[in-house]
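*Asks:* Attaching a predicted model along with its sequence, questions to come.
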Amino acid sequence: MIRLLFKKIRNFFSTEVPADIAACEFECRDLDCPNQVFENCSRRLQTAEELKNLSATDPTKNSVDGN
């Protein structure tokens, strides 16, 4: 019962970050990018590709949750 409560609290405060924007959330200094810059960002695209490759080898790693 207590584990379930802690799990719900943890899930409330920690949200999963989709692989395609993980670099933006964790590695980028810019706070906001125009759509054209975002779409062509080499750092974002490279990180997304690496995370997709990782998730292909380990299905439990399909997103980044900061834990």
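*Replies:* The structure has been received and is ready for your questions.

*Asks:* dump the residue contacts of residue 24.
*Replies:* Taking C-beta atoms under 8 Å, 6 or more residues apart in numbering, we find residue 24 in contact with 33, 38, 41, 44. (Glycine included, C-beta is placed from N, CA and C.)

*Asks:* In the longest helix that the chain contains, which residues are buried?
*Replies:* Secondary structure of the chain per DSSP state H: the longest helix is helix 42-57. Burial within helix 42-57, assessed by neighbour count using 16 or more other C-beta atoms under 10 Å, is assigned to 44, 47-48, 51.

*Asks:* Helices of the protein, start to end?
*Replies:* 2-13, 22-26, 35-39, 42-57.

*Asks:* Could you dump the ones you listed into a markdown table and include mean pLDDT?
*Replies:* Output for the helices of the chain, formatted as a markdown table (pLDDT from 0 to 100):
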| stretch | mean pLDDT |
| --- | --- |
| helix 2-13 | 79 |
| helix 22-26 | 79 |
| helix 35-39 | 89 |
| helix 42-57 | 85 |
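
*Asks:* if we can go back for a sec, counting by contacts, list what the longest helix of the chain packs against.
*Replies:* Where contact means 3 or more C-beta pairs under 8 Å, 6 or more residues apart in numbering; DSSP states H and E, helix 42-57 is packed against helix 22-26.

*Asks:* Taking the centroid of the chain, which residue is nearest it?
*Replies:* residue 17 (3.1 Å; C-alpha atoms, centre = their mean).

*Asks:* For it, name its beta-bridge partners.
*Replies:* residue 64 (DSSP bridges).

*Asks:* if I look at it, how far off is residue 2?
*Replies:* Distance, residue 17 to residue 2, using C-beta to C-beta, to the nearest Å: 27 Å.
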